[in-house]
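Enquirer: Here you go, sequence then predicted model.
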Amino acid sequence: MLKDTGERVIPEKMKITNGLLLEHIARYHFASEYVQGRVLDFASGSGYGSHIIAKLCKNRIQEVIGIDNEKEAVDYAKLTYYHPLSTYLKGDVTDPGLPEKLGTFDTILSFETIEHVRDEERFLSNIYKMLKPGGTLILSTPFGKGRGKPCGSPFHIHQLTVKEFKNLFTGFSYTTTSFFFQKGVLIEPAIPDTNKHYPLGIAVCRK
């Protein structure tokens, strides 16, 4: 039985009006416009997001692999969100052997993952190694007080500032990096010269 930790998204156990559920689903629908080829979904949890991608993008993907570090989540995903194009595996996003084990991908998704990861550099390095030239990374995270500072969630190492989030990608040779911001189900580019607050950021990086 997959336990609800208070942060885990398990659609079958949530009301359709649940804001956390709607935000997560919105991100996968946003990502579906970019997805193609071989797809990796980091920290796939209960598997609903990988399933959304498999269903919506079935005519332009080869497969979608969901990786999660909890066996219970992987087992739940296999049982609840089976699709011929999807595979769910147990794995650590910072495992240095992951690129060799999984190979390369045309699209990598990483939603609400990096705030849980202590070794950010290894995680981002793994992503870059596994992303094919011309491939697309879509990564999201909630904003907070900054790296190394306490945040309101007991599940997060910390929550980055907007500036820290944008700086995550400067050490890699991405050809383009675009930033979007999310509030509820609304995802849009940043509006210049406004004080509008967005709780979450999404980066779309092309290698």
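Expert: That came through fine.
Enquirer: mind showing which ranges of the protein have poor pLDDT?
Expert: Residue ranges of the chain with pLDDT under 70: 1, 3-7, 192-194.
Enquirer: switch the cut-off to 80
Expert: 1-8, 152-155, 190-196 (pLDDT under 80).
Enquirer: all helices of it, in order?
Expert: Counting by DSSP state H, the chain has these helices, from start to end: 19-31, 48-56, 71-80, 98-102, 120-130, 162-167.
Enquirer: Can I get those helices in CSV including distance to I114?
Expert: Every C-beta, even on glycine, is put in place using the N, C-alpha and C of the backbone. Listed next are the helices of the chain as CSV, based on distance: least, Cβ to Cβ, whole Å:
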stretch, distance to I114
helix 19-31, 14
helix 48-56, 16
helix 71-80, 18
helix 98-102, 15
helix 120-130, 6
helix 162-167, 9
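Enquirer: Name the strands paired with the strand ranked longest in the chain and say parallel or antiparallel.
Expert: Ranked by number of residues, the top strand in the chain under DSSP state E is strand 131-142. Strand 131-142 pairs in its sheet with strand 105-111 (parallel), strand 200-206 (antiparallel), by DSSP bridges.
Enquirer: Of all these, which one is nearest V9?
Expert: Closest to V9 of those, according to Cβ to Cβ: strand 105-111, at 9.8 Å.
Enquirer: among the helices of the chain, which is the most enclosed?
Expert: Comparing the helices of the chain by mean neighbour count (mean count of other Cβ atoms under 10 Å), helix 48-56 comes out on top with a mean of 22.
Enquirer: contact partners of it?
Expert: Outside helix 48-56, the residues that touch it by Cβ atoms under 8 Å, 6 or more residues apart in numbering are 9-11, 24-25, 27-29, 31-32, 35, 39, 41, 44, 61, 64-66, 77, 80-81, 83, 85-86, 88, 109, 111.
Enquirer: Would you mind writing the CA trace of that helix as CSV?
Expert: What follows is helix 48-56 as a C-alpha-only set of coordinates in CSV (Å, rounded to 0.1, in the frame of the first residue of the first chain):
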residue,chain,number,x,y,z
TYR,A,48,0.2,9.3,-12.9
GLY,A,49,2.4,11.8,-14.7
SER,A,50,4.3,9.2,-16.7
HIS,A,51,0.9,7.8,-17.6
ILE,A,52,-0.4,11.2,-18.8
ILE,A,53,2.6,11.5,-21.0
ALA,A,54,2.2,8.0,-22.4
LYS,A,55,-1.4,8.6,-23.2
LEU,A,56,-1.2,12.2,-24.6
